[in-house]
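K.L.:
pasting a predicted model and its sequence here:
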Amino acid sequence: MPRQIITTANVPSSPLYSQGVKAGPHVLVSGIVGIDPSTGSLAGETIQDQTRQALTNCEAILQAGGASLDDVIEVGVLLTNPADFAGLNEEYARWFPSGPPTRYVAKLGVELPGLLVSIRMTAFIA
């Protein structure tokens, strides 16, 4: 099964990883942070602000790969500070109000100034 690299100008990128990869019916989204592509800066100082932007960025990558949030089957979340778990859930619940995908949350091992969250996704296109 050949893989297709997914890229979109609507999300910050890096030469070190693909924003996403489509392989058969699966769309895999790399760990994406809450950087606003219009400014190149973190979307805010709160976990809610950065979660909202990270999910917006993930959604743009999914769309570039022919998927949507409704197709997401797994979400991985890495938090810089585990104390932000409640704030993460507050924003996350707005994006997946019913029938949410499977999810794991762990501590982000890399510390980058101001970065609070990184989110990755896997979608299945039926």
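P.N.:
Okay, I see it.
K.L.:
other SSEs contacting the longest helix along the chain?
P.N.:
As assigned by DSSP state H, the longest helix anywhere in the chain is helix 47-64. If contacts are counted by 3 or more CB pairs under 8 Å, 6 or more residues apart in numbering; DSSP states H and E, helix 47-64 sits against strand 20-23, strand 26-33, strand 35-36, strand 41-42, helix 85-95, strand 117-124. The way it works is simple: take the backbone N, C-alpha and C, and place the C-beta from them, glycine included.
K.L.:
check which residues of stretch 74-91 are buried.
P.N.:
Val75, Gly76, Val77, Leu78, Leu79, Thr80, Asp84, Gly87, Leu88, Glu91 (16 or more other CB atoms under 10 Å).
K.L.:
the longest helix of the chain: how far from the chain's middle?
P.N.:
From the chain centre to the centre of helix 47-64 is a distance of 5 Å (CA atoms, centre = their mean, to the nearest Å).
K.L.:
right, and Thr80 touches Leu108 too?
P.N.:
Yes. Thr80 is in contact with Leu108 according to CB atoms under 8 Å; the separation is 4.9 Å.
K.L.:
overlap in contacts, those two.
P.N.:
Listed as contacting both Thr80 and Leu108 by CB atoms under 8 Å, 6 or more residues apart in numbering are Leu115, Val117.
K.L.:
on that earlier part again, nearest to Pro101, of the helices and strands packed on helix 47-64?
P.N.:
Pro101 lies closest, by CB to CB, to one member of the helices and strands packed on helix 47-64: strand 117-124, at 7.8 Å.
K.L.:
who's in contact with stretch 69-77?
P.N.:
Stretch 69-77 is contacted by residues 27, 31, 59, 62, 88, 92, 95-96, 100-106, 117-126 when judged by CB under 8 Å, 6+ apart.
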